[in-house]
Structure formats: C-alpha cells, structure tokens
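> what's the 3D shape of this:
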Amino acid sequence: MGNDSSKQGFSHLNAADQPVMVDVSGKAETERVAVAESRVFLPEIVRQQFSGSDIHTAKGAVFQTAILAGIMAAKKTPDLIPLCHTLLLDGCQVDIQLEGEEAVVRCTIKTTGKTGVEMEALTGASVAALTIYDMCKAFTHEMVIRQTRLLSKTGGKRDF
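Model (predicted):
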C-alpha cells in the first residue's frame, strides 16, 4: 500500500499516478507542533470599529468568533482536504493581534502522532481569516487576505 515518493516527487501519488493517502504505519509517534499565520488587511473603516482588543459587530465579537472558527476548522481538516489523516489534536491555539493595518492570525497545533499537523495549522489560520472577512464585510469589501503560510513545524522527518 506504500508509495515510492523518491521516484515521483509527490508523496500522495502511487506508481500509477493515482491519489493515495500516505501510509504512516511504519513511522514512530513523536510530538509534533506546527504554527501557521494568515494576515488580513483591514481598511481604516474597519480598524475604527475597534473597542479594546476586538471589533464588535451586530454578529458579535469578531476576533473571538474567528478564534472559535479557527479551532473548529483545524479539527475538521481531514473533512476539507481529502488526503489528510484524521488526527487527535492535543492542543489548538488561535491568537489574533492587530499589527498596523493587519489582523495577524497565528494558529498553533500540537499532537503526538505519526504525521505532522501543518495542514491543521494552515486550515485553522485560513478559516479564522475568512471569518474576520465575513464578520467585517458589512463595513467594506476592501479587506484582503494577504498571506497564509507555515511559520514552523517540528517533530517529523524534516523540521521547518
């Protein structure tokens, strides 16, 4: 059931170029941590809505809602990305800070397992950013989700 990614270059394709879920049965369980970030440009009209450390709209507190959405999304990653393994997450933390004109979303995922959690971290950060956009679009559609990227991952074959 395994695949030879050294010949192909893609770990999710078998010898016949058909999609497969990577076989991790031979891997040892290790502690794995991944951190991902999404940045959302917030125009002045949105930033003017800040009260304390959050934006309050008719839908509720924007950052608090986005944090919950990011956590929920991280837990649903294998339902959204077809070849991701179903993982028991030991921890998920979403943090959102206003830095200049941007809301910076950082999602940290932790597990002990045979495969990494970078897709869960990227999914959590992405969905939190989308939630910020959704909750603030009544003010303007000029927000921009500028960047989603992996900041770090540890515990696997290759740390980043």
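> Can you pull out the low-pLDDT segments for this structure?
Where the chain drops to pLDDT under 70, the residues are 1-8.
> Give me the nearest residue to the residue nearest the centre of the chain, chain neighbours excluded.
Geometric centre of the chain, nearest residue: L122, 2.3 Å, by CA atoms, centre = their mean. The spatial neighbour of L122 that comes closest, neighbours along the chain excluded (CB to CB, 6 or more residues apart in numbering), is A36 at 4.4 Å. From N, CA and C alone the C-beta is placed, and that goes for glycine too.
> wait, A121 sits on A36?
Yes: counting by CB atoms under 8 Å, A36 is a contact partner of A121 at 3.8 Å.
> Would you mind listing the buried residues in stretch 59-74?
Using 16 or more other CB atoms under 10 Å as the test for burial, stretch 59-74 gives 61-63, 65-67, 69-71, 73-74.
> All the helices of the protein, residue numbers only.
Taking DSSP state H, the helices of the chain run over residues 5-8, 44-47, 62-75, 77-80, 118-136.
> of these, which approaches Q93 most closely?
helix 62-75 (8.2 Å; CB to CB).
> quick one: contacts of the closest one?
53-56, 59, 80, 89, 92, 94-96, 103, 105, 107, 109, 120-121, 123-132, 135-136 (CB atoms under 8 Å, 6 or more residues apart in numbering).
> Same check on stretch 17-36?
1-3, 8, 11-14, 82-83, 85, 106-118, 120-122, 124-126, 148-156.
> just checking, which of the residues you listed belong to strands?
Among the contacts of stretch 17-36, the ones falling in strands (DSSP state E) are 106-113, 148-154.
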